[in-house]
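Q: Fold the following, please.
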Amino acid sequence: MRIFVAGGAGYIGSCTTEYLLDKGHEVAVYDSLTRGHRAAVDNRAKFYQGDLEDMEFLTKTMQDFKPEYVLHFAAFIEVGESMKDPGMFFHNNVGNAINLAEASAKTGVRKLVFSSTAATYGMPEHIPMTEDEPTLPINPYGESKLMFEKILGWYKSIYGMDYTALRYFNACGATKIHGEDHHPETHLIPLVLQAASGVRESISVFGTDYDTPDGTCVRDYVHVLDLAQAHLLALEQPDSSIYNLGSGNGHSVKAVIDTVRRVTGKDFTVKYAPRRQGDPARLISDSTRALKMLGWKPAYEDLGEIVRSAWEWRLANPNGYKD
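A: Down below sits the predicted model:
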């Protein structure tokens, strides 16, 4: 397949690009490098440096590469940042994404697979969460992702372009080549690994009085290569659907910290702070639909294995991508 990866210099985009190339597909990466890394682009892929805002260059690039399929990872992702600058999130995650949908429709793309999020649900009513959970986002980030899911439905209706929206839970882990290098970092596992490696003085735990077994928040962690597998399966599925992607297992903040200590053999300071506003006690996926309909078979179900892959990448790349 000829696959166009928007945002392929970012964390999940780069790992998915590597996975697709390993499976023998032809891949072009399109990225502005605003938040991605040039060094994260697999050298087997064609690379186009461009912004989705530049409709003329985007369309020309897609006409040049002639993709059959598009994967869209080129979104801003930080929830806290979205609460400070909602306009930036709607501009990029909705406005620029529409440019990608337009260019895809104009150049005859068969299907667009969208990197969505469990943040579309907001505060869940049921645990584990199926795709039937009400979508009531509580931040501009989740709202922007939900808006583009709905927009894709209209592009399917009007242009016949299929789509799949994959609602990730907590992406984590690394391949041997590509890993997580955000600036600033806000995700739990890499933050705890920074503490283990001495880059960070301590790790903060926000809230110890939740209604969970150890009082800390519980989250669902899914390995980045399992996400990559789901993207390829979605391309092979001739339909338009929405799928949750998670392990179905919940791990508390304390459990993640204990796992990092065990895997790395390092100790570090843990500080306890009050709850953050808007943090649900539990977020756990029910991914039955993806398992049944896509034939998705996650290969990384052990938290220790996930943490070990991220730790090994960090040891091999102590300064991240250095660009």
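
Q: And the nearest residue to residue 291 once chain neighbours are set aside, how far from residue 230?
A: Leaving aside its chain neighbours, residue 291 sits nearest to residue 297 (7.5 Å; criterion: Cβ to Cβ, 6 or more residues apart in numbering). No exception for glycine: its C-beta is placed from N, CA and C like everyone else's. Applying Cβ to Cβ, to the nearest Å, one obtains 10 Å for the distance of residue 297 from residue 230.

Q: likewise residue 172?
A: From residue 172 across to residue 230, the span is 15 Å (Cβ to Cβ).

Q: ok, now residue 125?
A: Distance, residue 125 to residue 230, using Cβ to Cβ: 25 Å.

Q: Residue 255 now?
A: With distances defined as Cβ to Cβ, the gap from residue 255 to residue 230 amounts to 24 Å.

Q: Compare these two (neighbour count), which wins?
A: Set residue 255 next to residue 230 and count neighbours by other Cβ atoms under 10 Å: residue 230 wins out with 25 against 17.

Q: Confirm the more buried one sits in a strand?
A: No - per DSSP: H, G, I helix; E, B strand; the rest coil, residue 230 lies outside any strand segment and is helix.

Q: Contacts only, for it.
A: Counting by Cβ atoms under 8 Å, 6 or more residues apart in numbering, residue 230 touches 166, 243, 245, 290, 294, 296.

Q: Which stretches in the stretch 101-250 of the chain count as helices?
A: Chain-ordered helices for the stretch 101-250 of the chain, with DSSP state H, counting those that start in this stretch as the definition, fall at 140-159, 188-197, 224-236.

Q: closest to residue 116 out of those helices?
A: Of all those, the one in closest proximity to residue 116, counting by Cβ to Cβ, is helix 140-159 (5.0 Å).

Q: how about that closest one: buried residues?
A: Neighbour-count burial for helix 140-159 flags 140-149, 151-152, 155-156 (criterion: 16 or more other Cβ atoms under 10 Å).

Q: How many residues are close by residue 257?
A: Considering only other Cβ under 10 Å, residue 257 is surrounded by 20 other residues.

Q: wouldn't it be in contact with residue 191 here?
A: No - between residue 257 and residue 191 there is no contact, the gap being 10.1 Å when judged by Cβ atoms under 8 Å.

Q: who touches both of those two?
A: Residues within reach of residue 257 and of residue 191 at once, by Cβ under 8 Å, 6+ apart, are residue 203.

Q: buried stuff in stretch 229-245?
A: 229-235, 237, 240-245.

Q: Pull the most distant pair out of those.
A: In those, the most distant members under the criterion Cβ to Cβ are 229 and 240, with 19.7 Å between them.

Q: which ones are touching residue 127?
A: By Cβ under 8 Å, 6+ apart, the neighbours of residue 127 are 282, 283, 284.

Q: And it, how close does it get to residue 212?
A: Between residue 127 and residue 212 the distance, using Cβ to Cβ, works out to 11 Å.

Q: Which neighbours do those two have in common?
A: Taking Cβ under 8 Å, 6+ apart as the contact definition, residue 127 and residue 212 share the neighbouring residues residue 282.

Q: Which residue is the nearest non-sequential neighbour of residue 124?
A: Spatial nearest neighbour of residue 124, excluding adjacent residues (Cβ to Cβ, 6+ apart): residue 133 at 5.8 Å.

Q: Could you double-check that that neighbour lies in contact with residue 120?
A: No - counting by Cβ under 8 Å, no contact exists between residue 133 and residue 120, whose distance comes to 9.0 Å.

Q: Which one's more surrounded, the two?
A: Neighbour comparison, residue 133 and residue 120: the larger count goes to residue 120, with 24 against 20 (by other Cβ under 10 Å).

Q: Go ahead and confirm the more buried one touches residue 146.
A: Yes - the pair residue 120 / residue 146 is scored as a contact, 4.3 Å apart, by Cβ under 8 Å.

Q: where do the contact lists of those two overlap?
A: Both residue 120 and residue 146 are in contact with 135, 137, where contact means Cβ under 8 Å, 6+ apart.
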